[in-house]
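Q: Starting from these lines, generate the structure:
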Amino acid sequence: MTTNSSVRIIGPGRAGGALAIALARVGWTVVAPVHRGESLSAAASGVDLLVIATPDGVIADVAREITPDPTTVVVHLSGALGLEALATHPQRASLHPLTSMPTAEIGAERLVGGAWFAIDANTESALKCMESLADALGGRSFVVDDEHRVAYHAAAAIASNHVVALLGSAERVARSAGVPIEAYLELVRATIDNIEDLGVIDALTGPVARGDWDTVARHRDAIDPSELALYDALVDAARRVVDSRPIPSDESTPPIPETEN
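A: Model (predicted):
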C-alpha cells in the first residue's frame, strides 16, 4: 500500500485515535470513523484497510457484524488475540503497536517515532499491508503468529505494566526513607540504557549480581513486610539472570543462601 491508501477506524479511542492521527500525518487518507452504536455492516466498503480498535472482548462480535469485502484488509489492534477473531473476513491481519498510548495525541507521537509493531496476516497481500503501514510510520515490524501471541503479549505486560507496579513498590519504600520517587527515575533511565547497550545479563548490577547476601538480608529487615513478597520474587528473578551468565572455567559460583519468606 502507498501513502494514498485509505483507512477507516472502528472505535477511535486512545489506540484507534492515535493510529488515525499518525496515519494522516504520513499521508494516508483517514475516512470518517465508526463510533459506538453506529451501523457496522458497510464499514469495510470503500477503504483499503479497516481497523477494529475496540476492547478485546468485543472484537469478534464487531467483526461478525461487518459485511466482508474481498479487497479490504480487516485488522485488529489486540496484542493477545490471534487472527481467529476476524474469521469471517477473507483478508485479516493483526497489528499491535509495542508502545504506550495514554492519550491519542501522545500515542500518535510515539507511533511516528520509530515504534515496534507485532504483526500477522492470513494472506501475503495483507501481510504486505501491515509491513507497509509500519514502514510508512517509520517503525519496525516483526511477525507473531497465533500460537505465540499470548506469550508475546505477556512479555509486553511485564515490560510495561509490571514496571509501573515495580516502581510503585520503589516509591513506597523510598517514601519510608523520606526520599521522593523522582530521585530514582534517572537510575531507571540509565538502567534501560544499559540494557539496550549491553543486554540484560551484563546490565545487572547490585547486591545479587555481586553475591552480597548480607546486604540483601539487611534490605529485607529494613522494608515493610508488605513489600517482602515482591522483593523476594525479584531477588529470585535476579538470581536467574546471574545463573544465565557464562562461568569462566577458572571460577566457581559461590553458594546462594535461601531467602527466608
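Q: What ranges does the stretch 101-250 of the chain have for its strands?
A: Using DSSP state E, counting those that start in this stretch, the strands of the stretch 101-250 of the chain run over 116-121, 140-143.
Q: As JSON lines, those strands with mean pLDDT would be great.
A: Formatted as JSON lines, the strands of the stretch 101-250 of the chain follow (pLDDT from 0 to 100):
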{"stretch": "strand 116-121", "mean pLDDT": "98"}
{"stretch": "strand 140-143", "mean pLDDT": "97"}
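Q: Tell me which of the ones you listed sits most buried.
A: strand 116-121 (a mean of 20; mean count of other Cβ atoms under 10 Å). Just so you know, the C-beta spots here come from the backbone N, C-alpha and C atoms, and that holds for glycine as well.
Q: Distance from that one to the middle of the chain?
A: Mean-position distance between strand 116-121 and its chain equals 11 Å (Cα atoms, centre = their mean, to the nearest Å).
Q: if I look at Val51, how far off is Ala156?
A: Between Val51 and Ala156 the computed distance is 19 Å (Cβ to Cβ, to the nearest Å).
Q: rewinding a little: so which of the strands of the stretch 101-250 of the chain gets nearest Ala87?
A: strand 116-121 (13.5 Å; Cβ to Cβ).
Q: Parallel or antiparallel, which strands does that closest one pair with?
A: In the sheet, strand 116-121 lines up against strand 92-97 (antiparallel), strand 140-143 (parallel) (DSSP bridges).
Q: Can you lay out those strands as TSV showing distance to Ala222?
A: What follows is the strands paired with strand 116-121, written out as TSV (distance: least, Cβ to Cβ, whole Å):
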stretch	distance to Ala222
strand 92-97	40
strand 140-143	42
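Q: Among the ones you listed, which comes closest to Leu86?
A: strand 92-97 (3.8 Å).
Q: Not counting its own residues, what contacts the closest one?
A: 15, 18-19, 51, 73-79, 81-83, 86, 107, 110-111, 115-122, 126-127, 129-130, 133-134, 139, 144, 149, 153, 156 (Cβ atoms under 8 Å, 6 or more residues apart in numbering).
Q: hang on, the earlier thing: nearest to Glu171 among the strands paired with strand 116-121 would be which one?
A: strand 92-97 (27.5 Å).
Q: Make a markdown table from the strands of the stretch 101-250 of the chain and add distance to Pro180 to it.
A: Listed next are these as a markdown table, based on distance: least, Cβ to Cβ, whole Å:
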| stretch | distance to Pro180 |
| --- | --- |
| strand 116-121 | 32 |
| strand 140-143 | 36 |
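Q: Go through these and name the closest to Gly11.
A: strand 116-121 (18.4 Å).
Q: circling back to that earlier point, identify whichever of the strands of the stretch 101-250 of the chain lies nearest to Ala63.
A: Closest among these, using Cβ to Cβ: strand 116-121, at 14.7 Å.
Q: Could I have the CA atoms of that closest one written out in PDB?
A: Output of strand 116-121 as PDB, limited to C-alpha atoms (Å, rounded to 0.1, in the frame of the first residue of the first chain):
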ATOM      1  CA  TRP A 116       7.900  -1.600  17.000                       C
ATOM      2  CA  PHE A 117       4.800  -3.400  15.700                       C
ATOM      3  CA  ALA A 118       3.800  -7.000  16.200                       C
ATOM      4  CA  ILE A 119       2.000  -8.100  13.000                       C
ATOM      5  CA  ASP A 120       0.500 -11.200  11.400                       C
ATOM      6  CA  ALA A 121      -1.900 -11.900   8.500                       C
END
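Q: Need the residues that contact that strand.
A: 73, 79, 82-83, 91-99, 127, 129-131, 133-134, 139-146, 149, 152.
Q: mind checking how far Ser132 is from Tyr152?
A: Taking Cβ to Cβ, one finds Ser132 at 21 Å from Tyr152.
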